[in-house]
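> Here is the input, now give the coordinates:
(chains A and B)
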Amino acid sequence: MIAPPRVWWKPLGRLERSWFKLAFVWCIFLTAMMPLWFFLGRQNVPTTTYRVTAEQFQRQVDAFIQQYQVGTENGFPVVEPPPGSDVYMLARMWQWTPVLKLKRGATYRLHLSSTDVQHGFSLQPLNLNFMVLPGYDYVVTITPTTAGEFSVVCNEYCGIGHHLMIGKIIVTE
Amino acid sequence: MAVAAIPRRETTVFRTCSATGLKVDVAAERLIIANAVAAVVALLVGGILALLIALTRWQAIHLLNPVWFYRLTTLHGIDMLIAWIVFFEVAGLYFGSTVALNARMVKPAIGWLAFALMVVGGALLNIVVLTGGADVMFTAYVPLKAHPLFYLGYILFAVGALVAVGLFFTNIIVAKAEGRYEGSLPLFVFGLVTASIIATYTLLSGAMSLVPAFFWSLGWIENYDAGFYRNLFWGFGHPAQQINLAAMVAIWYVLAGITTGAVPLNEKLSRLAFILYILFINLGAAHHLLVDPGPSFAWKATNTSYAMYLAVLGSLIHAFSIPAAVEVALRRRGHKRGLLEWLRRAPWREPGFSALVISMIVFGWIGGVTGVTIGTEQINMMAHNTMRVPGHFHATVVGGTTLAFMGLTYYLIPLIFRRELKFKKLAIWQPYVYGIGMAIVSVGMVAAGLQGVARRHWDITFTQAPFQSPVPGTVHLALAVLGIGAIIAIIGGAMYLIVVLASVFTGKRVEPTSPTLVIDPPPAMGYLSEEEEKDPQLQPRGTFVLVLAFLMFFAAYYLSNWWLLGRAWMVR
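As a prediction, this is how the structure comes out:
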């Protein structure tokens, strides 16, 4: 609040110096954790992305559903693709389609995109979250390690029906 | 510099403050009052909205219907994050560039132009949102379209703020040229300069994202890429909160000075911390894009870590420097026993002091720790768009910044408004009620978010949806904690508004005699002599132990999140 003395460029006190060093070391540790996990960890943020138009993505999803549909649930197609394949989930106001049936331990390339506004892919109760943007085909390479029924909540506000937007992923043994 | 570079034609009307001896430009004072009043009005509106929203998210009450929930959530963000904070910051910038330097407001007319632009922009935003023209949330993510006047309101407000920032820089440069102050800027003003530099590029980025959005809403541009908009918008949205951070830290130093006589122990270190903010903090814009399609790992990791967590280093420096300055000031006044006697003897009844302490604790222990953790590239997969995000920023912007601003207001009322503070008892308790309420709100939100509860969501039970999502009892508990915390915080907010509005409109006109409200006599500020700096009795040993405890808590929370992530599905 008051003006400093004319010469204020002074060496640090003993405790100040210790804290500064400690804080700096902690910052370096925080920095190192991300690349470390990138190479050693099993959960990393996907980076594969393609440009796609709404029409293209809609066609891909339609073809995918036609090829692998095994039933319907509450009016939504249920699709069981072979393990290791490319799978699709389309977001639009206010639906996730189709319902996916996956095998535990198999790896899938899950393509996410939106045909209208921005949506948020939130897999619950696992709590894994990704953005779904129109114009972008986001490829999430995913390996379910637990079986059961999971819901896909939309967690990016997308209009008045936002809280009705919920999808489903079933993982079988 | 004995000769003023610009010949002095003194047309400015100054009064001399009877409590501090500072020269106050009367034209500057009017602008400070106008901006502060506008800020408090915005806080009043935003606070009412906060109550309605919190009582809706508390699932057992579920007050509003979905239309009004989304509408008022949009407006709550705008009135709080934009209107309240920025109006108050402009008042602070004018105070720092005139009163604190014994200087004049160079062009008051420009100040009023900025004020008018901000008021018109803010009013436009409120009207458009309340009439249903912009149910798009604070972020207005393209391609969710709002009425063109909504974007125009945003732009007018941002331009007004930019003009005010320009006036601040002009004031400081002219003050130096006219020789109004000598030597270096006080640390408080240095902090405000930091905030203003950050504000300049932030507001420009805001214009870059919102002007095309305005044209797009008018149909002049056909396509506006969603990812591109997000990148530009967060160049505005996140650094905007860093303006608050720099301003809040500057105010922390002021509150510490007024209430305990504390001065920075090492100006070099404290100024370095502010410079680290200027250089690195805008990289934090990437926090919002960590699970977006597009950017690479290298881009995300570099930006989210502020290059090497160098902006975090700045905050860690302040986290030590400010309590250490307080400790040394109190030790100097004789409270030297043991590690923590100074803390016991601190002026806990002085609202500026309690506001400072609680603001620092809520900001650092809750806001800072959760923020760095969810801002870690991989951990963000478990946090993005969940309640952990509002849990983080309600601790930083509300429990931290807002509470610090509230604490400062109590001192501006006698000094700038020249009104006697009414309901002083209420003011003494207010920081405790508000701060504890906000801490509970944040903890409730983080606890809900850790269980996957989405933010900005009207009904997590999906009663009308095609599929259900099981909601465990612990989620309902977390949301109830949030609701109860909100009610406590609203009471604290109402206490603040009662004290401020009653004092400003019905308080007795006074010439203040003391800068403090409770402590008598006010503690004197003075830099330490060389012998005092070496005195082992005056070393901030207690603070050192406190910050070590903080670092251990930080490490425990951070590492447990990695452990949690390791249990999720494999994803690449």
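> Which residue lies nearest the spatial centre of chain A?
A:F130 (2.3 Å; C-alpha atoms, centre = their mean).
> Just give me the neighbour total for the residue nearest to B:L185 when sequence neighbours are not counted.
Once flanking residues are discounted, B:L185 sits nearest to B:V193: 6.9 Å by C-beta to C-beta, 6 or more residues apart in numbering or on different chains. Placement of C-beta: from N, CA and C, glycine included. B:V193: 20 surrounding residues under other C-beta atoms under 10 Å in any protein chain shown.
> B:V193 reaches B:N171, doesn't it?
No - counting by C-beta atoms under 8 Å, B:V193 does not reach B:N171; the two are 11.0 Å apart.
> hang on, the earlier thing: give the contact list for the residue nearest to B:L185.
B:169, B:172, B:185 (C-beta atoms under 8 Å, 6 or more residues apart in numbering or on different chains).
> got the contact list for the last one?
With contact taken as C-beta under 8 Å, 6+ apart, B:L185 is in contact with A:3, B:101, B:172, B:193.
> number of nearby residues for the nearest residue to B:E327 once chain neighbours are set aside?
Take B:E327 and drop its neighbours on the chain: the residue closest to it by C-beta to C-beta, 6+ apart is B:P540, 4.5 Å away. Using other C-beta under 10 Å, B:P540 is surrounded by 24 other residues.
> Only the buried residues of the longest helix along chain A, if you could.
Across chain A, the helix with the greatest residue count (assigned by DSSP state H) is helix A:14-40. By 16 or more other C-beta atoms under 10 Å in any protein chain shown, the buried positions in helix A:14-40 come out as A:15-16, A:19-20, A:22-24, A:26-27, A:30-31, A:33-34, A:37-38.
> In chain A, where is pLDDT below threshold?
Scanning chain A for pLDDT under 70 picks out A:1.
> Give me the domain ranges for it.
A:14-42, A:49-172 (automatic domain parsing).
> Same list, the ones you listed, but as TSV with distance to B:I278 please.
Output for those, formatted as TSV (distance: least, C-beta to C-beta, whole Å):
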stretch	distance to B:I278
domain A:14-42	17
domain A:49-172	29
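> Need the winner for burial among those.
Counting by mean count of other C-beta atoms under 10 Å in any protein chain shown, domain A:49-172 has the highest mean neighbour count of those, with a mean of 19.
> Please report the separation between the first and final residues of that domain.
Taking C-alpha to C-alpha, to the nearest Å, domain A:49-172 runs 28 Å from one end to the other.
> phi, psi of A:V87?
Phi and psi for A:V87, reported as degrees, to the nearest 10, are phi -120, psi 160.
> Bridged to it, which residues?
A:L110 (DSSP bridges).
> returning to that earlier point: let's have the contacts of B:L185 in TSV, adding secondary structure and distance to A:M93.
Listed next are those as TSV, based on DSSP: H, G, I helix; E, B strand; the rest coil; distance: C-beta to C-beta, whole Å:
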residue	secondary structure	distance to A:M93
A:A3	coil	59
B:L101	helix	54
B:I172	helix	50
B:V193	helix	46
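> which among those residues end up buried?
Buried members of the contacts of B:L185, counted by 16+ other C-beta under 10 Å: A:3, B:101, B:172, B:193.
> Quick one: name the residues of the stretch 51-200 of chain B near chain A.
Counting by C-beta under 8 Å from any C-beta of the partner chain, the stretch 51-200 of chain B comes close to chain A at B:66-67, B:70, B:100, B:135-137, B:141, B:143-144, B:181-188.
> Narrow these to those in helices?
Counting by DSSP H, those place B:66-67, B:70, B:187-188 in helices.
> ok, and the most crowded of these?
That'd be B:L187 among those, by other C-beta under 10 Å, with 26 neighbours.
> Now do the same contact list for that one.
B:L187 sits next to A:1, A:4, B:250, B:253, B:264, B:267, B:270-271 when contact means C-beta under 8 Å, 6+ apart.
> just B:L343 next, same as before
By C-beta under 8 Å, 6+ apart, the residues touching B:L343 are B:327, B:330, B:542.
> export the residues you listed to a markdown table and tack on secondary structure?
Putting the contacts of B:L343 into a markdown table (DSSP: H, G, I helix; E, B strand; the rest coil) gives the following:
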| residue | secondary structure |
| --- | --- |
| B:E327 | helix |
| B:L330 | helix |
| B:G542 | helix |
